[in-house]
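In: Everything below, folded, please.
(chains A and B)
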Amino acid sequence: MPQQLPIQEGLFTWPALHPQLLGSRCRLCGEMAFPAQQDCRSCSGQDTELVELGDRGTLWTWTIQSFMPKTPYHSDETPETFRPYGVGYVEMPGGLRVESRLQENTPEELQIGMPMQLQIEPFRTDEHGNQLMNFSFRRAAEGN
Amino acid sequence: MDVAIIGIGLHRFGRSEGMTGQQQGAAAVRKALADAGVDWKQMQFAYGGSQDAGNADALVNELGLTGLQFTNIWNGCATGGSSLHAAYTAIKSGEYDMGVVVGFDKHPRGAFNPQPRDWGLGDWYGETGLMLTTQFFAMKIQRYMHDYGITNDALVRVAEKAFLAGSLNPMAWRTTALSYEEIANSMMVSDPLRKYMFCSPAEGGAALVLCSAEKAKQFTSKPLYIKAAAVRSRHYGSFEVFSPSQAPSVNDSPTVIASRAAFELAGIGPRDVDVLQLQDTDSGTEIIHMAENGFCEHGEQEKLLREGATRIDGPMPVNTDGGCLANGEPVGASGLRQVYEVCVQLRGDGGARQVPGAPAVGYTHVYGAPGISGVNIITT
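Out: Residues are numbered from 1 along each chain as shown, chains lettered A, B, ... in the order given. Sure, this is the predicted structure:
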């Protein structure tokens, strides 16, 4: 029976009604990382814990991927069906900036500082017919 | 022991159909040896590397099996800078007094396609379309423009300057000057960077013959001296390519720390430099690197570019051979091409692109994934 599976375990809570990005926080120095890692890249400590990074942030920088990347890019698209996508860093509560695909894909829709909302959506279908779910961000409704 | 450059060689960048990358590297070595008037058999050591064209030590099959110490170096776009640093250290320490550094490459057409696992990242990062250097450079300059008030005009002017310099350099790949409008209206690749604002993967080779300063005069009346060579990796908090997340705190980039270390070693400052090469993977990085290397304040670039300060006849000429934009990017070779060009300028052999006023101090800077910088300071 085909299922919806995360493209990689541990990037976000799934399945979940209100998915959150997952990361790690160092118990010694407090620095955070995404994806979660066992070692701390700031203080070289080895005592980190898994934490939820949240599902809202603000756009720190962005660009638009206008051509279909070569491998290792692996989607269901063909050069004919490829749709340009936004890429950005989203600043999460606590300050960590996470790189992500963005739903918006024109310069008119993207401004540094705009509020962003996490969303989890199907990215491609694997060889067993499962939908592989990926995270991305889109503009959040103000005050939401 | 001071270190001198006595020979320089370049196999033209661009496309060399019918030649392997290693053959292009060997051709550059032969030119550097001829320039120095020395023989391969006299070389005591060699350092070299390529990304996509195989092992550098295989060049001995072409150049001769002499038993020399040959060490392969691979350090991303900073491969050339790292090779030169290793050779500089070998001579400075007194262990050797003459050797070669060589860089070469031959990349397939189109954008680079690095594999996540080679960089300690999960497959998902590449599969979902985040593993592109072009995206990083675009996002870095996008934020920089926002923070420091740089506009698209500056991006166009960097490319315009590069292709003008390329048109004056018979060894460049792109030898046609492009107009402001052609660049400003070229295809958008990764907002805000357009087609002519990015360098392209290419082919080529570059080599240098180094020897101890005390022996240099035996070979040439015009030796050049390496006053500093510094290579640094990233600190926690610098914004680097292939980073799924960035730290909340902001720290100096590897370029800032490599540059500072090199100036300290050489005992001079940015104002003493007459001709410089700054890594210009794209227009945006040249702008950022002007400030990160200490040649101006952040945000000052817009005005400097408008005034033509970084053109060949300006007070701080940058990338006088057309840089990566006009020469393309054979990753293993680019860092040594920069040194080659600075040597040409310091010797006064620049022809149509010669910096006026007999430049005496040259500076080179490479930046490579995932956050490595190499800086060299070379003097007459």
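In: just so I have it, where are all the strands in chain A?
Out: Taking DSSP state E as the test, the strands found in chain A are A:4-6, A:21-26, A:32-33, A:48-54, A:56-65, A:85-91, A:97-102, A:115-125, A:131-139.
In: How about the closest residue to chain A within chain B: what's its closest non-neighbour residue?
Out: The nearest approach of chain B to chain A comes at residue B:248, 2.8 Å away (C-beta to the nearest C-beta). The way it works is simple: take the backbone N, C-alpha and C, and place the C-beta from them, glycine included. The shortest distance from residue B:248 to any residue other than its chain neighbours is 2.8 Å, reached at residue A:95 (C-beta to C-beta, 6 or more residues apart in numbering or on different chains).
In: ok, the one you found - contacts?
Out: Residues near residue A:95 by C-beta atoms under 8 Å, 6 or more residues apart in numbering or on different chains: A:32, B:248, B:249.
In: wait, doesn't residue A:6 sit right on residue A:13?
Out: No: between residue A:6 and residue A:13 there is no contact under C-beta atoms under 8 Å: 9.2 Å.
In: if you count what's nearby, which of the two comes out ahead?
Out: Using other C-beta atoms under 10 Å in any protein chain shown, the more surrounded residue of residue A:6 and residue A:13 is residue A:6, with 19 against 16.
In: burial measure for the nearest residue to the more buried one once chain neighbours are set aside, as a count.
Out: Nearest residue to residue A:6 in three dimensions, chain neighbours excluded: residue A:14, at 4.7 Å (C-beta to C-beta, 6+ apart). The number of residues packed near residue A:14 is 17, by other C-beta under 10 Å.
In: and what of residue B:246?
Out: Residue B:246 has 22 neighbours, counted by other C-beta under 10 Å.
In: my read: it touches residue A:88, true?
Out: No: at 11.6 Å, residue B:246 and residue A:88 do not qualify as touching, with contact defined as C-beta under 8 Å.
In: okay, and the common contacts of the two?
Out: Residues touching both residue B:246 and residue A:88 (C-beta under 8 Å, 6+ apart): residue A:99.
In: can you confirm residue B:54 is in a helix?
Out: No: read with DSSP: H, G, I helix; E, B strand; the rest coil, residue B:54 is coil and lies in no helix.
In: Just the pLDDT at the closest residue to it other than its chain neighbours, thanks.
Out: Among residues not flanking residue B:54 along the chain, residue B:22 sits closest, at 5.6 Å (C-beta to C-beta, 6+ apart). Note on residue B:22: pLDDT of 96.
In: Could you do the one 5 residues further on as well?
Out: Residue B:27 is assigned a pLDDT of 97 by the prediction.
In: Please apply the same query to residue B:111.
Out: At residue B:111, the pLDDT value in this model is 70.
In: Show the contacting residues for the most centrally placed residue in chain B.
Out: By C-alpha atoms, centre = their mean, the mean C-alpha position of chain B lies nearest to residue B:335, the distance being 3.2 Å. Counting by C-beta under 8 Å, 6+ apart, residue B:335 touches B:77, B:78, B:79, B:80, B:81, B:82, B:83, B:84, B:103, B:364, B:366, B:374.
In: Spatially nearest residue to it, not counting backbone neighbours?
Out: residue B:80 is the one closest to residue B:335 (C-beta to C-beta, 6+ apart), at 2.3 Å.
In: Can you tell me the SS state at the one you found?
Out: Reduced to three states with three-state DSSP, the structure at residue B:80 is helix.
In: tell me the contacts of it?
Out: Contacts of residue B:80 by C-beta under 8 Å, 6+ apart are B:49, B:101, B:103, B:206, B:332-339, B:366, B:374.
In: Buried residues of stretch B:90-109, list them for me.
Out: Under the neighbour-count criterion of 16 or more other C-beta atoms under 10 Å in any protein chain shown, stretch B:90-109 has B:90-92, B:96-107 buried.
In: what does stretch A:46-59 give?
Out: For stretch A:46-59, the neighbour count (16+ other C-beta under 10 Å) marks A:48, A:51, A:53, A:54, A:55, A:56, A:57, A:58, A:59 as buried.
In: Equivalent analysis for stretch A:83-93, please.
Out: So for stretch A:83-93, counting by 16+ other C-beta under 10 Å, buried means A:85, A:86, A:87, A:88, A:89, A:90, A:91, A:92.
In: likewise stretch B:286-300?
Out: Those would be B:286, B:287, B:288, B:289, B:290, B:291, B:292, B:293, B:294, B:295, B:296, for stretch B:286-300 by 16+ other C-beta under 10 Å.
In: Of the residues you listed, which belong to helices?
Out: The helices, defined by DSSP state H, take in B:286, B:287, B:288, B:289, B:290, B:291, B:292 from the buried residues of stretch B:286-300.
In: Quick check: the gap between the last one and residue B:270.
Out: Taking C-beta to C-beta, to the nearest Å as the measure, residue B:292 falls 11 Å from residue B:270.
In: re the thing from before, would you reformat the strands of chain A as a markdown table and include mean pLDDT?
Out: What follows is the strands of chain A, written out as a markdown table (pLDDT from 0 to 100):
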| stretch | mean pLDDT |
| --- | --- |
| strand A:4-6 | 95 |
| strand A:21-26 | 96 |
| strand A:32-33 | 94 |
| strand A:48-54 | 96 |
| strand A:56-65 | 98 |
| strand A:85-91 | 98 |
| strand A:97-102 | 98 |
| strand A:115-125 | 96 |
| strand A:131-139 | 97 |
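In: what's the farthest-apart pair in the buried residues of stretch B:90-109?
Out: B:97 and B:107 (34.8 Å; C-beta to C-beta).
In: hang on, the earlier thing: and the contacts of residue B:80 as CSV, adding secondary structure and pLDDT?
Out: Below are the contacts of residue B:80 laid out as CSV (DSSP: H, G, I helix; E, B strand; the rest coil; pLDDT from 0 to 100):
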residue, secondary structure, pLDDT
B:49, strand, 95
B:101, strand, 98
B:103, strand, 97
B:206, strand, 97
B:332, helix, 92
B:333, helix, 94
B:334, helix, 93
B:335, helix, 93
B:336, helix, 96
B:337, helix, 97
B:338, helix, 97
B:339, helix, 97
B:366, strand, 93
B:374, strand, 94
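In: Neighbour-wise, which one of the residues you listed leads?
Out: Using other C-beta under 10 Å as the neighbour criterion, residue B:333 leads the contacts of residue B:80 with 37 neighbours.
In: Give me the neighbour count for residue 128.
Out: Using chain A here. For residue A:128, the neighbour count with other C-beta under 10 Å is 9.
In: Can you look at chain B instead?
Out: For residue B:128, using other C-beta under 10 Å, the count is 27.
In: which residues does the residue lying farthest from the centre of chain B contact?
Out: Distance from the C-alpha centroid of chain B, by C-alpha atoms, centre = their mean, peaks at residue B:124 (31.1 Å). Going by C-beta under 8 Å, 6+ apart, residue B:124 touches A:7, A:8, A:11, A:134, B:116.
In: The buried residues of stretch A:83-93: which ones sit near chain B?
Out: A:85, A:87, A:88, A:89 (C-beta under 8 Å from any C-beta of the partner chain).
In: can you redo these as a markdown table with distance to residue B:257?
Out: Below are those laid out as a markdown table (distance: C-beta to C-beta, whole Å):
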| residue | distance to residue B:257 |
| --- | --- |
| A:85 | 34 |
| A:87 | 28 |
| A:88 | 27 |
| A:89 | 23 |
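In: which residues in chain B form strands?
Out: Per DSSP E, chain B carries strands over the ranges B:3-14, B:45-49, B:69-72, B:98-106, B:188-190, B:193-194, B:203-212, B:224-233, B:245-246, B:275-278, B:361-368, B:372-379.
In: now the longest one and strand B:98-106, what's the angle there?
Out: Meaning strand B:3-14. Strand B:3-14 runs at 20 degrees relative to strand B:98-106, counting by axes from the mean of the first three to the mean of the last three C-alpha atoms, to 10 degrees.
In: Check which helices and strands strand B:3-14 sits against.
Out: Strand B:3-14 is packed against helix B:21-36, helix B:79-92, strand B:203-212, helix B:213-216, strand B:224-233, helix B:331-347, with contacts defined by 3 or more C-beta pairs under 8 Å, 6 or more residues apart in numbering or on different chains; DSSP states H and E.
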